[in-house]
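> Predicted model and sequence follow; I will ask about them next.
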Amino acid sequence: VQASKPRLKFVNDFNEYRVLPSLLEEMNLLDEAVLVSDAGMPLISDPGYKLVNEGLKLGWEVSVVPGPTAESATLSISGLPTDKYIFLGFLPKKPGKRSEMLRHVKDMNEAMSFSVVIYESTVRLEKIIGEMLDIFGEDVRMCLAVDLTKVSEKIFRGSVVEILEIVKNTKLKGEVTIVVSLVE
């Protein structure tokens, strides 16, 4: 994409509905436009879905330049099974809905083993790992990646009990990706 004077627009979950109509109108006049993300792969637990969906309805040709996401990057270094996995993104904020989802994951995992990839904030991390311990039990293996690919990157691997202890005793900041394996 070549542009003599690139025009950058900032879109997030809070302004996407408001700026979408004018952004679509402006982009419809262009030959090419690029959607980028400040971290990770655009549209994977990031805004942009509505823009792409509406653009497709307008007949836009949409292509992708694949790149690593925290999901695939963490999975690849986790040391846990990678042949089958599900990506849950961010778990529900309400504890009841979150516990229900984790119970469904446990039930599904009994029928067919797979790893689980979750995005989380450091604020809820201790609570969520505690819920995983309660629902999944002590035999669960985990990989916890904080600020993957950044200078402040931290990677922890171990049992859910070991990871919970690390989280309780470590001041963590940044973006968190968790890979969970319910089987040894």
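Thanks, I have the structure now. Bear in mind the structure is a predicted one, so any value in this text is a computation, not a measurement. Residues are numbered from 1 along each chain as shown.
> Would you mark the buried spots in the worst-scoring helix or strand of the chain on mean pLDDT?
Least confident helix or strand of the chain, by mean pLDDT, DSSP states H and E, is helix 49-57 with a mean of 85. Residues of helix 49-57 classed as buried by neighbour count (16 or more other Cβ atoms under 10 Å): L51, E54, G55. Bear in mind the C-beta positions are built from the backbone N, C-alpha and C, glycine included.
> Quick check: next helix or strand after that helix?
Toward the C-terminus, helix 49-57 is succeeded by helix 70-77 as the next helix or strand (DSSP states H and E).
> Check the offset of that next one from the chain's centre.
Per Cα atoms, centre = their mean, to the nearest Å, the displacement of helix 70-77 from the mean C-alpha position of its chain is 10 Å.
> now stretch 98-110
18 Å.
> what is the mean pLDDT for that stretch?
Taken as a whole, stretch 98-110 has an average pLDDT of 96.
> Show the subsequent helix or strand relative to the longest helix anywhere in the chain.
Counting residues, the longest helix found in the chain (DSSP state H) is helix 95-111. Next along the chain after helix 95-111, taking DSSP H and E as the criterion, comes strand 115-121.
> can you list the weak-confidence ranges in this structure?
1-4, 39-40, 45, 66-67, 184 (pLDDT under 70).
> Give me the domain ranges for it.
Domain assignment for the chain by automatic domain parsing gives 1-67, 70-181.
> now the end-to-end length of the last one.
The reference is to domain 70-181. 17 Å (Cα to Cα, to the nearest Å).
> tell me which residues in stretch 120-134 are buried?
Within stretch 120-134, the residues that count as buried by 16+ other Cβ under 10 Å are E120, T122, R124, L125, I128, I129, E131, M132, L133.
> same check, this time on stretch 112-119
So, applying 16+ other Cβ under 10 Å, buried residues of stretch 112-119: F114, S115, V116, V117, I118, Y119.
> Closest to E16 out of the residues you listed?
Using Cβ to Cβ, Y119 is the member of these that sits closest to E16, with 18.4 Å.
> Is the closest one bridged to anything, and to what?
F90, T177 (DSSP bridges).
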